[in-house]
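Visitor: Can you look at this prediction? I've put the sequence above it.
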There are 2 protein chains.
Amino acid sequence: MTYCLGIITHSGLVMAADSRTNAGVDYISTYQKLFDFSNPGERVILLCTAGNLSVTQGVVSELEKDLKVQEETNLHNITCMYEVARYIGGKLRQIQQYDEAWLKKDGIEAQCTLLLGGQIHAQTPELYLIYSQGNFIHATPDTPFLQIGETKYGKPILDRTLSYDTSLESAAKCALLSIDSTMKSNISVGPPINLILYEKDSLMIKHRLRLRLGDPYLAKIRQLWEESLKQAFDCIPQINWQYREDDSPENILID
Amino acid sequence: MTYCLGIITHSGLVMAADSRTNAGVDYISTYQKLFDFSNPGERVILLCTAGNLSVTQGVVSELEKDLKVQEETNLHNITCMYEVARYIGGKLRQIQQYDEAWLKKDGIEAQCTLLLGGQIHAQTPELYLIYSQGNFIHATPDTPFLQIGETKYGKPILDRTLSYDTSLESAAKCALLSIDSTMKSNISVGPPINLILYEKDSLMIKHRLRLRLGDPYLAKIRQLWEESLKQAFDCIPQINWQYREDDSPENILID
């Protein structure tokens, strides 16, 4: 499994991904799932991948190949993020079409999803979720985050602490805690964690972090979060079992 | 969808359930999913249900019928919780067998899962998860909670705050926050919330709560939890982007 998320705020983007893949519990490996295709000073393009590894690696290889041979259309000359999403969706369809019949024959899923975030020139930064079918949606101020893979365990903290107005530093912290929550509850998501913060209009990545298994920073963050969460939990008064619906508001909580 | 959970601690049991059912987004209803079959002073038997409503209602009706007609084997004369789980699993198989062919014909899922918690006489309280196939597992001190239905959103808070040594009052608070987290992240889980706390060896239910939609108590708990969680989040230092793996521990966190 995999967990990746992208966050867009008024001041930029955060992209984060775990690195665990598994084909059954006895075949667990580590693969990078966050890729940087930026051309510093001119554009930032970040991609997260989830799903069938042969398909997602195929997509990344095709993107790299087009860049290398300076194909007429490539990630560094497409003029807007919408067209970048369309181009990557097309690559996804192409790989799936090539492999589909052979995978289907043996009941193997070719499904995958991608997160695409970035900014081209002075245009607004954008964040897209590209579906396995090659179509896509983009994040908006109302829904400033998108997730792929094992998304549920890490969603409550995003729902409670994140908005389009959240500072970029807090959004990055939130992303790290969202991934950590997922790792704690699901062993198929695991380190290294890759995390990138992109400041709007900087057109280059200045903040990136890779946290390995057993990394003391990750351990410290987890320990602090568990302590803070326990304190938060202790702050909630105990349940008032005598409470009835027609009680006056003063009776709602007891200590 | 549904979310139910059961918690067993050294001092008793907590059982909790939401009340929302949906057959598509345009057919959402309210049904009780936490049932009390106790015989106060002699035994406590609590049941939570998730899955196909016609099957789970069928199981509950069969259990009630056996009690009413004082069937040779019924919930009030079985001598241990293990045999109660086996008996309920049998009812589940019976209903599914009766309806299966007709449901399958139209591609309708007959799957359901149950949580069973209780105590008979001076025996130890037990908590079971009965699978759709009628087999079951029971909770142990190592894994003191069991969940059915939409389980993922509410699991992180259980993983972080709950153990077999947690006080029963804290376990009840934790159950309420776990359900609230799920309701916040998934609209297919919704109030009224039913919550029961059972004190070991009391052989009767003294603490129960039903919280309806818009209930000020529920709103207050949610508001307090969101505030506490935000404070907890603010307590975590910002990410140190300069951190490298070979840094000395003092460099791990910056404020």
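Guide: Done, it's in. Numbering: from 1, shown residues only, chains lettered A, B, ... in the order given.

Visitor: Just the closest residue of the stretch 51-200 of chain A to chain B, please.
Guide: Proximity of the stretch 51-200 of chain A to chain B (C-beta to the nearest C-beta) peaks at A:Lys152, 3.5 Å away. For every residue, glycine as well, the C-beta is placed using N, CA and C.

Visitor: what about that residue, neighbour count?
Guide: A:Lys152 sits with 21 neighbouring residues when counted by other C-beta atoms under 10 Å in any protein chain shown.

Visitor: Correct me if wrong: it contacts B:Thr182.
Guide: No - here A:Lys152 does not reach B:Thr182: they are 9.4 Å apart, not a contact under C-beta atoms under 8 Å.

Visitor: Now for these two: what residues contact both?
Guide: Here A:Lys152 and B:Thr182 have B:Tyr153 as joint contacts, going by C-beta atoms under 8 Å, 6 or more residues apart in numbering or on different chains.

Visitor: Now do stretch A:21-34: everything it contacts.
Guide: Against stretch A:21-34 from outside (C-beta under 8 Å, 6+ apart): A:1-2, A:4, A:15-20, A:46-50, A:53, A:56-57, A:188, A:190, A:192, A:194, A:196.

Visitor: Please flag which of those sit within strands.
Guide: Members of those lying in strands (criterion: DSSP state E): A:Cys4, A:Met15, A:Ala16, A:Ala17, A:Arg20, A:Leu46, A:Leu47, A:Cys48, A:Thr49, A:Ala50, A:Asn194, A:Ile196.

Visitor: I figured the third one was touching A:Leu177, is that so?
Guide: Spelled out, that is A:Ala16. No - applying C-beta under 8 Å as the test, A:Ala16 and A:Leu177 come out as separate, 10.3 Å apart.

Visitor: If you count surrounding residues, which of these two has more?
Guide: In this view A:Ala16 and A:Leu177 are compared by other C-beta under 10 Å, and A:Ala16 has more residues nearby, 28 against 24.

Visitor: Distance-wise, check the more buried one relative to A:Leu146.
Guide: To A:Leu146, A:Ala16 is 12 Å away according to C-beta to C-beta, to the nearest Å.

Visitor: Quickly list what's touching both of the two.
Guide: Contact with both A:Ala16 and A:Leu146 is made by residues A:Leu5, A:Gly6, according to C-beta under 8 Å, 6+ apart.

Visitor: quick one, what contacts the residue of the stretch 51-200 of chain A closest to chain B?
Guide: B:Lys152, B:Tyr153, B:Ser185.

Visitor: Give the full set of residues in contact with the second one.
Guide: Pointing back at B:Tyr153 there. For B:Tyr153, the contact set (C-beta under 8 Å, 6+ apart) comprises A:Lys152, A:Tyr153, A:Lys155, A:Pro156, B:Tyr3, B:Ser181, B:Thr182, B:Lys184, B:Ser185, B:Asn186.

Visitor: let's see 6 Å
Guide: The contact partners of B:Tyr153, by C-beta atoms under 6 Å, 6 or more residues apart in numbering or on different chains, come to A:Lys152, A:Pro156, B:Ser181, B:Thr182, B:Ser185, B:Asn186.

Visitor: now A:Gly51, nearest residue through space, not along the chain?
Guide: Leaving aside its sequence neighbours, A:Gly51 sits nearest to A:Cys112 (C-beta to C-beta, 6 or more residues apart in numbering or on different chains; 2.6 Å).

Visitor: neighbours of that neighbour, just the number please.
Guide: Counted by other C-beta under 10 Å, the residues lying close to A:Cys112 total 25.

Visitor: Can you give me the distance of A:Trp102 to A:Val60?
Guide: With the distance defined as C-beta to C-beta, A:Trp102 ends up 20 Å from A:Val60.

Visitor: Which of those two has more residues huddled nearby?
Guide: Taking other C-beta under 10 Å, A:Trp102 and A:Val60 do not tie; A:Val60 has more neighbours (19 against 10).

Visitor: Could you give the backbone dihedrals for the more buried one?
Guide: For A:Val60, the backbone dihedrals (degrees, to the nearest 10) come out as phi -60, psi -40.

Visitor: give me the element the residue nearest to it when sequence neighbours are not counted is part of.
Guide: Nearest residue to A:Val60, sequence neighbours excluded (C-beta to C-beta, 6+ apart): A:Phe35, at 5.9 Å. Per DSSP states H and E, A:Phe35 falls inside strand A:34-36.

Visitor: All the helices of the stretch 51-200 of chain A, residue numbers only.
Guide: Here the stretch 51-200 of chain A has its helices, by DSSP state H, counting those that start in this stretch, at A:53-68, A:81-105, A:155-161, A:168-185.

Visitor: ok, residues contacting the longest one?
Guide: Meaning helix A:81-105. A:55, A:58-59, A:62, A:78, A:110, A:116, A:118, A:126, A:128, A:130, A:134, A:136.

Visitor: One more: the first one?
Guide: Where contact means C-beta under 6 Å, 6+ apart, the residues beyond helix A:53-68 that reach it are A:Thr21, A:Phe35, A:Thr49, A:Asn74, A:Leu75, A:Lys91, A:Leu92, A:Ile95, A:Ala110, A:Cys112.
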